[in-house]
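Colleague: From the sequence below, what's the structure:
(one chain, ligands or ions: 2)
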Amino acid sequence: MSIIDSHPTLDDAYPTRKSGEAALLYRQDPVVYGRAEDGQIDAETLAGYEANGYLNVQRLLEPGEVDVYRAELDRLAGDETILADERTVTERGTREVRSIFEVHKLSDVFARLVRDPRVVGRARQILGSDVYVHQSRVNYKPGFKGKDFYWHSDFETWHAEDGMPRMRAVSISIALTENFVHNGGLMIMPGSHKTFVSCVGETPADHYKESLVGQEVGTPDPNSLSILADKHGIELFTGPAGSATMFDCNCMHGSNGNITPFPRSNVFIVFNSVENTCVKPFSAPSPRPSFIGARDFTPVA
Ligand code: 6CS
Ligand code: FE
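Modeller: Ligands and ions are numbered 1, 2, ... in the order given. The predicted structure is shown next:
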(Lines give C-alpha, C1' and ligand atoms only; values in the text may rest on other atoms or scores of the structure.)
(Ligands and ions follow the chains in the order given, each with its own letter.)
Protein backbone atom coordinates (compact mmCIF):
# COMPACT_ATOMS: atom_id res chain seq x y z
CA MET A 1 0.00 0.00 0.00
CA SER A 2 1.50 3.31 -0.90
CA ILE A 3 -0.05 6.63 -0.03
CA ILE A 4 1.11 8.89 -2.79
CA ASP A 5 0.31 12.41 -3.77
CA SER A 6 -1.47 12.34 -7.08
CA HIS A 7 0.75 14.13 -9.56
CA PRO A 8 -1.65 14.65 -12.42
CA THR A 9 -0.21 14.02 -15.81
CA LEU A 10 -1.71 16.09 -18.60
CA ASP A 11 -4.45 13.60 -19.24
CA ASP A 12 -4.94 11.16 -16.38
CA ALA A 13 -5.48 12.78 -13.01
CA TYR A 14 -6.69 9.50 -11.49
CA PRO A 15 -4.57 6.56 -12.67
CA THR A 16 -6.22 3.24 -11.82
CA ARG A 17 -5.92 -0.38 -12.97
CA LYS A 18 -2.40 0.50 -14.04
CA SER A 19 -0.18 -1.20 -11.52
CA GLY A 20 -0.09 -4.20 -9.28
CA GLU A 21 -0.27 -2.03 -6.19
CA ALA A 22 -3.27 -0.18 -4.77
CA ALA A 23 -2.94 3.46 -3.75
CA LEU A 24 -5.05 6.11 -2.06
CA LEU A 25 -4.88 9.35 -4.04
CA TYR A 26 -6.07 12.82 -3.08
CA ARG A 27 -9.13 14.21 -4.81
CA GLN A 28 -8.10 17.06 -7.10
CA ASP A 29 -11.58 18.31 -7.95
CA PRO A 30 -14.15 20.38 -6.08
CA VAL A 31 -17.20 18.54 -4.75
CA VAL A 32 -19.75 21.35 -5.06
CA TYR A 33 -19.41 23.59 -8.11
CA GLY A 34 -22.54 25.72 -7.59
CA ARG A 35 -23.84 27.91 -4.78
CA ALA A 36 -26.82 27.89 -2.39
CA GLU A 37 -28.31 30.89 -4.19
CA ASP A 38 -28.25 28.99 -7.50
CA GLY A 39 -31.09 26.64 -6.67
CA GLN A 40 -33.27 24.66 -4.24
CA ILE A 41 -30.50 23.12 -2.11
CA ASP A 42 -29.91 25.37 0.89
CA ALA A 43 -26.46 26.36 2.18
CA GLU A 44 -26.46 23.93 5.11
CA THR A 45 -27.42 20.96 2.94
CA LEU A 46 -24.86 21.93 0.33
CA ALA A 47 -22.17 22.14 3.04
CA GLY A 48 -23.18 18.67 4.23
CA TYR A 49 -22.91 17.36 0.68
CA GLU A 50 -19.43 18.87 0.32
CA ALA A 51 -18.27 17.26 3.58
CA ASN A 52 -20.00 13.87 3.35
CA GLY A 53 -20.47 13.39 -0.38
CA TYR A 54 -24.24 12.94 -0.24
CA LEU A 55 -27.58 14.49 0.68
CA ASN A 56 -30.94 12.92 1.42
CA VAL A 57 -34.35 14.17 0.34
CA GLN A 58 -36.93 12.51 2.58
CA ARG A 59 -39.84 13.14 0.23
CA LEU A 60 -38.67 13.86 -3.32
CA LEU A 61 -41.74 12.21 -4.88
CA GLU A 62 -45.28 12.34 -3.51
CA PRO A 63 -46.92 8.96 -2.80
CA GLY A 64 -49.18 9.27 -5.87
CA GLU A 65 -46.14 9.82 -8.08
CA VAL A 66 -44.36 6.81 -6.62
CA ASP A 67 -47.30 4.63 -7.67
CA VAL A 68 -46.83 5.80 -11.28
CA TYR A 69 -43.13 4.91 -11.24
CA ARG A 70 -43.75 1.58 -9.50
CA ALA A 71 -46.32 0.66 -12.16
CA GLU A 72 -43.78 1.61 -14.86
CA LEU A 73 -41.11 -0.47 -13.11
CA ASP A 74 -43.41 -3.50 -13.18
CA ARG A 75 -44.43 -2.84 -16.79
CA LEU A 76 -40.78 -2.74 -17.92
CA ALA A 77 -39.92 -5.95 -16.07
CA GLY A 78 -42.89 -7.68 -17.66
CA ASP A 79 -42.22 -6.55 -21.23
CA GLU A 80 -40.76 -9.49 -23.21
CA THR A 81 -39.08 -7.16 -25.70
CA ILE A 82 -37.29 -5.31 -22.92
CA LEU A 83 -36.36 -8.56 -21.16
CA ALA A 84 -34.67 -9.70 -24.37
CA ASP A 85 -32.88 -6.35 -24.77
CA GLU A 86 -29.15 -6.19 -23.94
CA ARG A 87 -29.96 -3.27 -21.64
CA THR A 88 -31.60 -5.69 -19.23
CA VAL A 89 -29.26 -7.40 -16.76
CA THR A 90 -30.48 -10.40 -14.75
CA GLU A 91 -29.18 -11.68 -11.43
CA ARG A 92 -26.39 -14.21 -11.81
CA GLY A 93 -27.77 -17.62 -12.79
CA THR A 94 -31.44 -16.60 -12.77
CA ARG A 95 -33.92 -14.75 -14.98
CA GLU A 96 -34.62 -12.34 -12.11
CA VAL A 97 -34.20 -8.80 -13.41
CA ARG A 98 -31.32 -7.06 -11.62
CA SER A 99 -31.25 -3.81 -13.63
CA ILE A 100 -32.58 -2.21 -16.78
CA PHE A 101 -30.31 0.45 -18.26
CA GLU A 102 -31.15 3.55 -20.29
CA VAL A 103 -34.65 3.74 -18.78
CA HIS A 104 -34.77 7.43 -19.67
CA LYS A 105 -34.83 6.34 -23.31
CA LEU A 106 -36.93 3.19 -22.89
CA SER A 107 -39.68 4.90 -20.91
CA ASP A 108 -41.39 8.28 -21.29
CA VAL A 109 -42.32 8.07 -17.61
CA PHE A 110 -38.67 7.93 -16.57
CA ALA A 111 -37.71 10.45 -19.25
CA ARG A 112 -40.01 12.93 -17.49
CA LEU A 113 -38.39 12.14 -14.13
CA VAL A 114 -34.96 13.01 -15.53
CA ARG A 115 -36.24 16.43 -16.64
CA ASP A 116 -38.09 17.05 -13.34
CA PRO A 117 -36.70 20.29 -11.81
CA ARG A 118 -36.57 18.58 -8.39
CA VAL A 119 -34.10 16.14 -9.94
CA VAL A 120 -32.15 17.87 -12.70
CA GLY A 121 -32.33 21.22 -10.86
CA ARG A 122 -30.43 19.81 -7.91
CA ALA A 123 -27.87 18.18 -10.21
CA ARG A 124 -27.24 21.45 -12.09
CA GLN A 125 -26.81 23.28 -8.79
CA ILE A 126 -24.26 20.78 -7.43
CA LEU A 127 -22.33 20.57 -10.71
CA GLY A 128 -22.57 24.29 -11.46
CA SER A 129 -23.36 23.77 -15.14
CA ASP A 130 -25.72 22.22 -17.63
CA VAL A 131 -25.81 18.45 -17.30
CA TYR A 132 -26.46 15.40 -19.45
CA VAL A 133 -27.40 11.84 -18.47
CA HIS A 134 -24.30 9.64 -18.36
CA GLN A 135 -26.32 6.61 -17.27
CA SER A 136 -29.78 5.69 -16.01
CA ARG A 137 -31.02 2.38 -14.65
CA VAL A 138 -33.71 0.86 -12.52
CA ASN A 139 -32.44 -1.63 -9.94
CA TYR A 140 -34.94 -4.21 -8.79
CA LYS A 141 -33.07 -5.88 -5.92
CA PRO A 142 -35.92 -8.44 -5.84
CA GLY A 143 -37.01 -10.08 -2.61
CA PHE A 144 -35.38 -13.39 -1.63
CA LYS A 145 -32.87 -13.30 -4.50
CA GLY A 146 -31.54 -9.71 -4.77
CA LYS A 147 -27.76 -9.86 -4.91
CA ASP A 148 -25.29 -7.38 -3.44
CA PHE A 149 -23.37 -4.56 -5.12
CA TYR A 150 -19.89 -4.88 -3.67
CA TRP A 151 -18.02 -1.77 -2.47
CA HIS A 152 -16.90 0.50 -5.29
CA SER A 153 -16.50 4.07 -6.48
CA ASP A 154 -18.63 4.72 -9.54
CA PHE A 155 -16.14 7.31 -10.75
CA GLU A 156 -13.33 4.73 -10.79
CA THR A 157 -15.33 2.71 -13.32
CA TRP A 158 -16.56 5.72 -15.28
CA HIS A 159 -13.00 7.08 -15.47
CA ALA A 160 -11.37 3.75 -16.37
CA GLU A 161 -14.00 2.37 -18.73
CA ASP A 162 -16.13 5.31 -19.96
CA GLY A 163 -13.41 7.95 -20.16
CA MET A 164 -14.89 10.39 -17.64
CA PRO A 165 -12.00 12.84 -17.05
CA ARG A 166 -12.74 14.48 -13.69
CA MET A 167 -14.99 14.22 -10.66
CA ARG A 168 -17.90 16.41 -11.75
CA ALA A 169 -20.84 14.00 -11.80
CA VAL A 170 -23.62 13.24 -9.35
CA SER A 171 -25.97 10.26 -8.98
CA ILE A 172 -29.47 10.26 -7.61
CA SER A 173 -31.02 7.08 -6.25
CA ILE A 174 -34.79 7.40 -5.80
CA ALA A 175 -36.42 4.68 -3.73
CA LEU A 176 -39.46 3.13 -5.41
CA THR A 177 -40.04 0.69 -2.58
CA GLU A 178 -39.46 1.13 1.14
CA ASN A 179 -35.77 0.92 2.06
CA PHE A 180 -35.61 -0.94 5.37
CA VAL A 181 -32.47 -1.70 7.38
CA HIS A 182 -32.76 -5.31 6.23
CA ASN A 183 -33.55 -5.36 2.49
CA GLY A 184 -30.25 -4.30 0.94
CA GLY A 185 -30.23 -0.52 1.12
CA LEU A 186 -27.52 1.80 -0.12
CA MET A 187 -24.46 2.16 2.14
CA ILE A 188 -21.97 5.02 1.78
CA MET A 189 -18.78 5.80 3.67
CA PRO A 190 -19.33 9.50 4.46
CA GLY A 191 -16.35 11.59 3.36
CA SER A 192 -14.80 8.82 1.27
CA HIS A 193 -15.47 10.87 -1.88
CA LYS A 194 -12.32 12.90 -1.11
CA THR A 195 -10.03 9.90 -1.60
CA PHE A 196 -9.56 8.18 -4.95
CA VAL A 197 -8.81 4.48 -4.49
CA SER A 198 -6.53 3.47 -7.34
CA CYS A 199 -7.36 -0.17 -8.03
CA VAL A 200 -5.16 -2.99 -9.22
CA GLY A 201 -5.93 -5.27 -12.11
CA GLU A 202 -6.47 -4.74 -15.78
CA THR A 203 -9.84 -4.19 -17.46
CA PRO A 204 -10.67 -7.20 -19.65
CA ALA A 205 -12.43 -6.69 -22.99
CA ASP A 206 -16.22 -6.46 -22.62
CA HIS A 207 -15.75 -6.22 -18.86
CA TYR A 208 -19.26 -4.82 -18.41
CA LYS A 209 -20.76 -8.22 -19.24
CA GLU A 210 -19.62 -9.53 -15.88
CA SER A 211 -19.12 -6.29 -13.91
CA LEU A 212 -22.80 -5.34 -14.08
CA VAL A 213 -23.74 -8.71 -12.59
CA GLY A 214 -20.98 -8.69 -9.99
CA GLN A 215 -17.99 -6.33 -10.22
CA GLU A 216 -14.48 -7.68 -9.52
CA VAL A 217 -11.93 -5.58 -11.43
CA GLY A 218 -12.10 -1.99 -10.22
CA THR A 219 -13.21 -2.89 -6.71
CA PRO A 220 -10.94 -1.69 -3.93
CA ASP A 221 -8.70 -4.05 -2.01
CA PRO A 222 -9.67 -4.98 1.55
CA ASN A 223 -6.82 -2.92 3.02
CA SER A 224 -7.98 0.28 1.30
CA LEU A 225 -11.58 -0.43 2.32
CA SER A 226 -10.52 -0.97 5.94
CA ILE A 227 -8.64 2.33 6.00
CA LEU A 228 -11.64 4.20 4.58
CA ALA A 229 -14.19 2.45 6.82
CA ASP A 230 -12.07 3.09 9.92
CA LYS A 231 -11.73 6.74 8.97
CA HIS A 232 -15.28 7.45 7.79
CA GLY A 233 -17.60 4.78 9.13
CA ILE A 234 -20.55 3.48 7.11
CA GLU A 235 -23.97 5.08 6.71
CA LEU A 236 -26.96 2.94 5.70
CA PHE A 237 -29.81 4.82 4.05
CA THR A 238 -33.37 3.89 4.93
CA GLY A 239 -36.49 5.73 3.89
CA PRO A 240 -39.93 5.46 2.37
CA ALA A 241 -40.63 5.01 -1.33
CA GLY A 242 -40.23 8.46 -2.84
CA SER A 243 -37.19 9.34 -0.73
CA ALA A 244 -33.90 9.97 -2.51
CA THR A 245 -30.16 10.07 -1.96
CA MET A 246 -27.90 12.20 -4.16
CA PHE A 247 -24.25 11.24 -3.96
CA ASP A 248 -20.94 12.31 -5.44
CA CYS A 249 -19.50 10.14 -8.23
CA ASN A 250 -16.54 9.12 -6.06
CA CYS A 251 -18.28 8.03 -2.86
CA MET A 252 -17.27 4.57 -1.71
CA HIS A 253 -20.63 2.77 -1.64
CA GLY A 254 -22.27 -0.61 -1.94
CA SER A 255 -25.36 -2.55 -0.90
CA ASN A 256 -26.01 -5.94 0.64
CA GLY A 257 -28.11 -8.70 -0.85
CA ASN A 258 -31.81 -8.99 -0.14
CA ILE A 259 -33.12 -12.23 1.35
CA THR A 260 -36.24 -10.60 2.77
CA PRO A 261 -39.56 -10.80 0.93
CA PHE A 262 -39.45 -7.02 0.43
CA PRO A 263 -37.92 -5.77 -2.87
CA ARG A 264 -35.56 -2.80 -2.70
CA SER A 265 -36.19 -1.14 -6.05
CA ASN A 266 -34.84 2.24 -7.07
CA VAL A 267 -34.30 4.38 -10.10
CA PHE A 268 -30.71 5.57 -10.46
CA ILE A 269 -29.78 8.52 -12.68
CA VAL A 270 -26.24 9.80 -13.24
CA PHE A 271 -25.79 13.42 -14.29
CA ASN A 272 -22.43 14.50 -15.68
CA SER A 273 -21.41 18.11 -16.27
CA VAL A 274 -21.28 19.19 -19.90
CA GLU A 275 -17.83 20.53 -18.94
CA ASN A 276 -16.68 16.98 -18.14
CA THR A 277 -17.74 14.96 -21.17
CA CYS A 278 -16.19 11.53 -21.64
CA VAL A 279 -13.12 10.98 -23.81
CA LYS A 280 -11.38 7.68 -24.53
CA PRO A 281 -11.27 5.22 -21.60
CA PHE A 282 -8.36 5.82 -19.22
CA SER A 283 -7.91 2.11 -18.45
CA ALA A 284 -9.83 -0.15 -20.77
CA PRO A 285 -9.30 -1.53 -24.27
CA SER A 286 -12.50 0.09 -25.57
CA PRO A 287 -15.38 2.21 -24.31
CA ARG A 288 -18.48 0.52 -22.87
CA PRO A 289 -21.71 0.53 -24.91
CA SER A 290 -23.46 3.90 -24.94
CA PHE A 291 -26.43 2.51 -22.98
CA ILE A 292 -24.04 2.26 -20.00
CA GLY A 293 -21.79 5.26 -20.61
CA ALA A 294 -23.54 7.84 -22.81
CA ARG A 295 -21.69 9.41 -25.68
CA ASP A 296 -24.53 11.76 -26.56
CA PHE A 297 -23.73 14.82 -24.44
CA THR A 298 -26.92 16.77 -25.22
CA PRO A 299 -27.80 18.70 -22.07
CA VAL A 300 -31.04 17.78 -20.30
CA ALA A 301 -33.57 20.39 -21.48
O1 6CS B 1 -20.58 0.27 -13.75
C2 6CS B 1 -21.44 1.12 -13.62
O3 6CS B 1 -21.50 2.14 -14.32
C4 6CS B 1 -22.55 0.86 -12.63
N5 6CS B 1 -22.16 -0.02 -11.58
C6 6CS B 1 -22.47 0.21 -10.31
C7 6CS B 1 -22.46 -0.91 -9.37
N8 6CS B 1 -22.74 1.44 -9.84
C9 6CS B 1 -22.63 2.53 -10.84
C10 6CS B 1 -23.14 2.13 -12.15
O11 6CS B 1 -24.49 1.98 -12.17
FE1 FE C 1 -22.48 2.25 -7.93
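Colleague: Contact residues of this protein facing ligand 1?
Modeller: Taking CB under 6 Å from any ligand atom as the test, the list of the chain residues beside ligand 1 reads Gln135, Arg137, Phe149, His152, Asp154, Thr157, Ser211, Gln215, Ile292. No exception for glycine: its C-beta is placed from N, CA and C like everyone else's.
Colleague: can you give me the strands in this protein?
Modeller: In order along the chain, the chain carries the following strands (DSSP state E): 2-3, 23-26, 54-57, 88-90, 97-101, 131-139, 149-153, 169-175, 186-188, 195-198, 235-236, 244-248, 252-255, 266-273.
Colleague: Tell me the strands beside the fourth one, with direction?
Modeller: It stands for strand 88-90. The strands beside strand 88-90 in its sheet (DSSP bridges) come out as strand 97-101 (antiparallel).
Colleague: if we can go back for a sec, for the strands of the chain, give me CSV that also has mean pLDDT, distance to Tyr33 and mean neighbour count.
Modeller: What follows is these, written out as CSV (pLDDT from 0 to 100; distance: least, CB to CB, whole Å; neighbours: other CB atoms under 10 Å):
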stretch, mean pLDDT, distance to Tyr33, mean neighbour count
strand 2-3, 42, 27, 10
strand 23-26, 96, 18, 17
strand 54-57, 98, 15, 20
strand 88-90, 91, 32, 18
strand 97-101, 92, 26, 22
strand 131-139, 97, 11, 24
strand 149-153, 95, 19, 21
strand 169-175, 98, 10, 25
strand 186-188, 97, 20, 22
strand 195-198, 97, 18, 24
strand 235-236, 98, 23, 16
strand 244-248, 98, 11, 25
strand 252-255, 97, 21, 24
strand 266-273, 97, 7, 26
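Colleague: possible to save the ones you listed as TSV with distance to Leu228?
Modeller: Output for the strands of the chain, formatted as TSV (distance: least, CB to CB, whole Å):
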stretch	distance to Leu228
strand 2-3	12
strand 23-26	8
strand 54-57	15
strand 88-90	27
strand 97-101	25
strand 131-139	23
strand 149-153	9
strand 169-175	18
strand 186-188	11
strand 195-198	7
strand 235-236	13
strand 244-248	14
strand 252-255	5
strand 266-273	22
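Colleague: For Arg288, which of those strands is the nearest?
Modeller: The closest of these to Arg288 is strand 131-139. By CB to CB, the value is 9.5 Å.
Colleague: Identify the residues contacting Arg59.
Modeller: In this structure, Arg59 makes contact with Pro240, Gly242, Ser243, judged by CB atoms under 8 Å, 6 or more residues apart in numbering.
Colleague: now those residues in TSV, with pLDDT?
Modeller: Putting the contacts of Arg59 into TSV (pLDDT from 0 to 100) gives the following:
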residue	pLDDT
Pro240	97
Gly242	97
Ser243	98
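Colleague: any idea which of these is closest to ligand 1?
Modeller: Ser243 (19.1 Å; CB to the nearest ligand atom).
Colleague: which residues touch the closest one?
Modeller: Asn56, Val57, Gln58, Arg59, Leu60, Ile174, Ala175, Asn179.
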